[in-house]
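Trainee: Coordinates for the following, if possible.
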Amino acid sequence: MNASKTNSGFWILAATALFGLSFSTGCQVQVAGQTLPSPYYLMDDVQYFPAGSENKLANETAALKAEREEARAAASGLRR
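Mentor: Residues are numbered from 1 along each chain as shown. All right, here's what the predicted structure looks like:
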């Protein structure tokens, strides 16, 4: 067998594998537990979610309050 042909086949295979692996990795890097952004993070869309109500069940709370007030009004009307 020709040694140079075997050696060139190895380098072609190695270059192909390296090229394929370069596309399978992401642009983010993890260093000391930190995930660092890709170089294109300044061009990303910014998602902004405005602050909402602190009470996530506002409708339910309002309905319960109205029901309690109705019950108190009905109870006070019966007592008189």
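
Trainee: residue ranges with poor pLDDT in the protein?
Mentor: Where the chain drops to pLDDT under 70, the residues are 1-6, 21-27, 79-80.

Trainee: Please repeat the previous calculation with a cut-off of 90.
Mentor: 1-10, 13-59, 75-80 (pLDDT under 90).

Trainee: how about the strands in it?
Mentor: Under the criterion DSSP state E, the chain carries strands at the ranges 29-31, 34-36.

Trainee: what sits against residue 68?
Mentor: Residues near residue 68 by Cβ atoms under 8 Å, 6 or more residues apart in numbering: none. Quick note: C-beta positions are derived from backbone N, CA and C, even for glycine.

Trainee: Near residue 19, how many other residues are there?
Mentor: 9 (other Cβ atoms under 10 Å).

Trainee: so who does it touch?
Mentor: Counted by Cβ under 8 Å, 6+ apart, residue 19 has zero contacts.

Trainee: Kindly reformat the strands of the chain as CSV containing mean neighbour count and distance to residue 59.
Mentor: What follows is these, written out as CSV (neighbours: other Cβ atoms under 10 Å; distance: least, Cβ to Cβ, whole Å):
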stretch, mean neighbour count, distance to residue 59
strand 29-31, 9, 42
strand 34-36, 9, 38
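
Trainee: could those be laid out in CSV, adding distance to residue 46?
Mentor: Converted to CSV, the strands of the chain look like this (distance: least, Cβ to Cβ, whole Å):
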stretch, distance to residue 46
strand 29-31, 22
strand 34-36, 18
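
Trainee: quick one: residue 7 and residue 19, what's the gap?
Mentor: Distance of residue 7 to residue 19, given as Cβ to Cβ, to the nearest Å: 19 Å.
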